[in-house]
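# requesting a structural model of the entry that follows:
(one chain, ligands or ions: 1)
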Amino acid sequence: MPEPRTFRDHPVSFVRRSGRMSEGQERAWAELSPTYFFDVPRAVASTSVHPDARFVPADEFGRDGRFVVEIGSGQGHAIIHAASTHPDTDFLAVEVFRAGLARTMLDADAAGVRNLRLVEANAPEVLEVLLPEGAADEVWIFFSDPWHKKKHTKRRMIRPGFGATAGRALRDGGLLRLATDWEDYARQMRDVLDAAPEFERAFDGDWAERFDGRIMTAFERKGIEKGRDIRDLVYRRVARG
Ligand SMILES: C[S@@+](CC[C@H](N)C(=O)[O-])C[C@H]1O[C@@H](n2cnc3c(N)ncnc32)[C@H](O)[C@@H]1O
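Numbers count the residues shown, from 1 in each chain. Predicted coordinates:
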């Protein structure tokens, strides 16, 4: 039998940082992970997803509400803001940066947020394997690493084929929201998704309006300081045939 395919066939879109956490972050991990953290069964690598692993939102949250996934949630600023202002919606933060996940748990706890779970895993595998098909109402990817050097652009997460990956996790009519400060990557995202049969544009003109549910993060501020335009995009999952 052939070996199961994994996303490790492709270069991943991240380089794992040392993962060293401060004492406070270690404590947060120990105390808060039972509340927030979903421990993903692994396949080949420490951020992989085992083919049988499943995150079923209704089981995790004890209700069948709206469900939003943020990919590359960083320090968690955007998702904690969203979760605390939308208690009726359930949120999943997907990150490979451990210290960022610890920070997210600390801030979520301080804000009294309970409609949030975190996974430490390679995001395309979360979308392709961990989530049930059509589980998400929205998928957000804000300031995805641009890999701006030409020899590295193959590491970009939103590359040909990503439409099928995100389209699997979204319900019909669900939304994929993107933002970036890197013009060349913004164009690549638009080209990839315009060509994806799973999606249609949900904006008029060249770029989408700024998503008003997206708060300013350090990455956006840095982009603005460097004089870059911030590009938003939003695509709608077309109905499955
Ligand atoms: C440039 S940062 C942006 C963080 C956050 N969205 C913000 O706007 O502040 C990109 C984040 O995506 C995460 N990331 C990159 N590739 C990923 C992957 N394949 N799976 C999960 N997280 C990923 C990185 O660890 C990093 O924290």
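
# and the biggest strand by length in the chain, which residues are buried?
When the chain is scanned for its longest strand (criterion: DSSP state E), the result is strand 170-180. Of the residues in strand 170-180, Leu170, Arg171, Gly174, Leu175, Leu176, Arg177, Leu178, Ala179, Thr180 count as buried by neighbour count, 16 or more other C-beta atoms under 10 Å. Just so you know, the C-beta spots here come from the backbone N, C-alpha and C atoms, and that holds for glycine as well.

# tell me the mean pLDDT over that strand?
With pLDDT averaged residue by residue, strand 170-180 scores 98.

# now for that strand, which elements pack on it?
strand 136-142, helix 183-194, strand 231-237 (3 or more C-beta pairs under 8 Å, 6 or more residues apart in numbering; DSSP states H and E).

# CSV for these, including mean pLDDT and distance to the ligand?
Shown next, in CSV, are the helices and strands packed on strand 170-180 (pLDDT from 0 to 100; distance: least, C-beta to the nearest ligand atom, whole Å):
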stretch, mean pLDDT, distance to the ligand
strand 136-142, 98, 4
helix 183-194, 98, 11
strand 231-237, 98, 12
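
# quick one: name the residues of the protein near the ligand.
In this structure, the chain approaches the ligand at residues 12-14, 72-74, 94-97, 100, 122-123, 142-143, 145, 157, 217-219, judged by C-beta under 6 Å from any ligand atom.

# what subset of these is buried?
12-14, 72-74, 94-97, 100, 122-123, 142-143, 145, 157, 217, 219.

# which of the residues you listed fall in helices?
The helices, defined by DSSP state H, take in Gly100, Ala123, Phe219 from these.

# angles on the backbone of the nearest residue to the last one once chain neighbours are set aside, please.
What sits nearest to Phe219 in space, not counting adjacent residues and going by C-beta to C-beta, 6 or more residues apart in numbering, is Phe143, at 4.0 Å. Backbone geometry at Phe143, expressed as degrees, to the nearest 10, gives phi 60, psi 50.

# ok, now Pro197?
Here Pro197 shows phi and psi, under degrees, to the nearest 10, equal to phi -70, psi -20.

# looks like Pro160 contacts Val192 (just checking).
Yes. Shown here, Pro160 and Val192 form a contact pair, counting by C-beta atoms under 8 Å, at 5.7 Å.
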